[in-house]
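>>> sequence below, structure please.
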Amino acid sequence: MATEVTPKNKGTRRLFQNPILEKLTRTHISVPLIIFALYAGTLLAWSITHTNLSAGKTIGMFFFGFISFTWVEYIVHRYVFHMKTYNELRAKFQYTVHGVHHEYPKDKDRLAMPPLLSVTIATILLLLFRLIMGDLVFSFLPGFLVGYAAYLAVHYMVHAFAPPKNIFKFLWINHGTHHYKNGEMIYGVSSPLWDYIYGTMKEKKMADK
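Residues are numbered from 1 along each chain as shown. I've put the predicted structure just below:
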């Protein structure tokens, strides 16, 4: 089973005694948003000036990258952040990367992955996808990173602000259900698309568990 915690709407928790490591687990939401806007913009500029990709192919790959991120968001949230904790090591890892967020969902400094780790992963993806996709990576990865930035923005807003009185209210309702009702449903934050596809928009019956 996944580790279950009781949500606390106030406070925070120290994860590391080392002050440098502890500092690295926290970030203001504006930092990763700025970083990935610049990262995506730089890659797109490189695509325009250093590749022969057509405008149509560039736009198409950008949106393919964006949609691809929503799938990765779902998969990582469901199978990594909510991994089954069969032993103490897995339980500690799960709590460090995500369980602490479920325990302190209003801790604004931990609503985004630390920028150093995020940039490292993005650069690894750039090098890996470059080998697989060639020049297409310079339009695909910007869409992927913009998708990640959109996820960060939505995730921050649903935790930091009251639900709006418009069509986007469902994002607050969906994520609130995940946090306060059942952590094994509605894994999509920026979009419920993959929850509908994989059948996690509704609670499973006891016989299905």
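
>>> residue contacts, the residue of the chain positioned farthest from its centre?
Each residue of the chain has a distance to the centre, and by Cα atoms, centre = their mean the biggest one is for Asn52: 31.6 Å. By Cβ atoms under 8 Å, 6 or more residues apart in numbering, the residues touching Asn52 are Asp135. The way it works is simple: take the backbone N, C-alpha and C, and place the C-beta from them, glycine included.

>>> measure it to Phe63 for me?
From Asn52 over to Phe63 the distance is 20 Å, taken as Cβ to Cβ, to the nearest Å.

>>> and the residue farthest from the centre of the chain, its phi and psi?
In terms of degrees, to the nearest 10, the main-chain angles of Asn52 are phi -100, psi 20.

>>> from Phe138, how far out is it?
11 Å.

>>> same check on Thr49?
The spacing between Thr49 and Phe138, counted by Cβ to Cβ, is 10 Å.

>>> these two: who's more crowded?
Legend: neighbour count by other Cβ atoms under 10 Å for Thr49 and Phe138, higher for Phe138 (26 against 8).

>>> might one say that that one is in contact with Thr51?
Yes - look at Phe138 against Thr51 with Cβ atoms under 8 Å: they come within range, at 6.0 Å.

>>> now do the helix or strand harbouring Gly60: everything it contacts.
Here Gly60, judged by DSSP states H and E, is contained in helix 55-76. For helix 55-76, the external contacting residues (Cβ under 8 Å, 6+ apart) are 44, 47-48, 53, 136, 139-148, 150-151, 187-191, 193-195, 198.

>>> flag every buried residue along it.
Using 16 or more other Cβ atoms under 10 Å as the test for burial, helix 55-76 gives 58, 60-62, 65-66, 68-71, 73-74.

>>> cool, and stretch 179-192?
Within stretch 179-192, the residues that count as buried by 16+ other Cβ under 10 Å are 179, 183, 185-192.

>>> repeat for stretch 24-42
25, 27, 29, 32-33, 35-36, 39-40.
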